[in-house]
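Undergrad: Sharing a model prediction with you, sequence too.
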Amino acid sequence: MFSISLGDDGAELRPLEPWSAEEFLAHMNRGREFIGQHIGLADMVTDLDSSRSFLQQYAAKAAADTARIYGIWVQDQLVGGVLFRTMDVPRGIAEAGCWLEPSAAGRGLVTRAAQVIIDWAVEERGIHRVEWRVSAANQASIAVAKRLGMVKDGTLRGAGLHRGERQDLEIWSVLAPEWRASKQER
């Protein structure tokens, strides 16, 4: 197993794998309402079987090189994560995303973790475009996209369906040359 330090606060980025299904479920239970405000993850992971199944699906996608999922731990407690919901390496496009439980919000954890995985995707996997699709109502996630140097490409009106309600989805992106240029400024 590997872990990557996310700073001096003891935060680490690690792969989320099926064997961590119990810990993942406990994390979802702590943050279910907060996490579920804008994304469906909290509604998909409701018991040990669904937790294991969700992580197993990502393990299979990682093996097929079509997605990745990572957890964010602070002092050995899982508090959130980042992922590539999709990765199309031949086309050079990936869609990144995130989630956090309330205790971890506002500390820059997602921004730091997303920087790590985007850098890996661009530099190691040759991804040219990283997208961030977000509910127009999710101001915290939009702020992350901005901190990552992403540009708003547009809004897909009524394109999302969350808990039976239609929502507008904003598309943000960063291209590999932009990402590399922004790294020199950090």
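TA: Arrived safely, thanks for sending. Numbering: from 1, shown residues only.
Undergrad: Who are the packing partners of the host helix or strand of Ile118?
TA: Here Ile118 sits within helix 109-123, counting by DSSP states H and E. With contacts taken as 3 or more CB pairs under 8 Å, 6 or more residues apart in numbering; DSSP states H and E, helix 109-123 sits against strand 11-15, strand 68-74, strand 77-88, strand 93-100, strand 129-135, helix 139-147, helix 176-185. Any C-beta I mention is one placed from the backbone N, CA and C, and that applies to glycine too.
Undergrad: closest one to Glu33 among those?
TA: Closest approach to Glu33 among those is made by strand 93-100 (12.4 Å; CB to CB).
Undergrad: tell me the mean pLDDT over that closest one?
TA: Mean per-residue pLDDT for strand 93-100: 97.
Undergrad: Same check on stretch 55-67?
TA: For stretch 55-67, the per-residue pLDDT averages 97.
Undergrad: do the same with stretch 148-168
TA: Computed over stretch 148-168, the average pLDDT equals 91.
Undergrad: what does stretch 17-28 give?
TA: Mean pLDDT, stretch 17-28: 96.
Undergrad: what about that stretch, distance to the chain center?
TA: From the chain centre to the centre of stretch 17-28 is a distance of 16 Å (CA atoms, centre = their mean, to the nearest Å).
Undergrad: What's the local residue count around Asp47?
TA: 12 (other CB atoms under 10 Å).
Undergrad: That one and Leu55, how far apart?
TA: 13 Å (CB to CB, to the nearest Å).
Undergrad: re the thing from before, of all the helices and strands packed on helix 109-123, which one is nearest Arg166?
TA: strand 129-135 (10.6 Å).
Undergrad: contact partners of that closest one?
TA: With contacts defined as CB atoms under 8 Å, 6 or more residues apart in numbering, strand 129-135 is touched by 38-39, 92-97, 118, 121-122, 141-142, 144-145, 148, 150, 160, 162, 167-176, 179.
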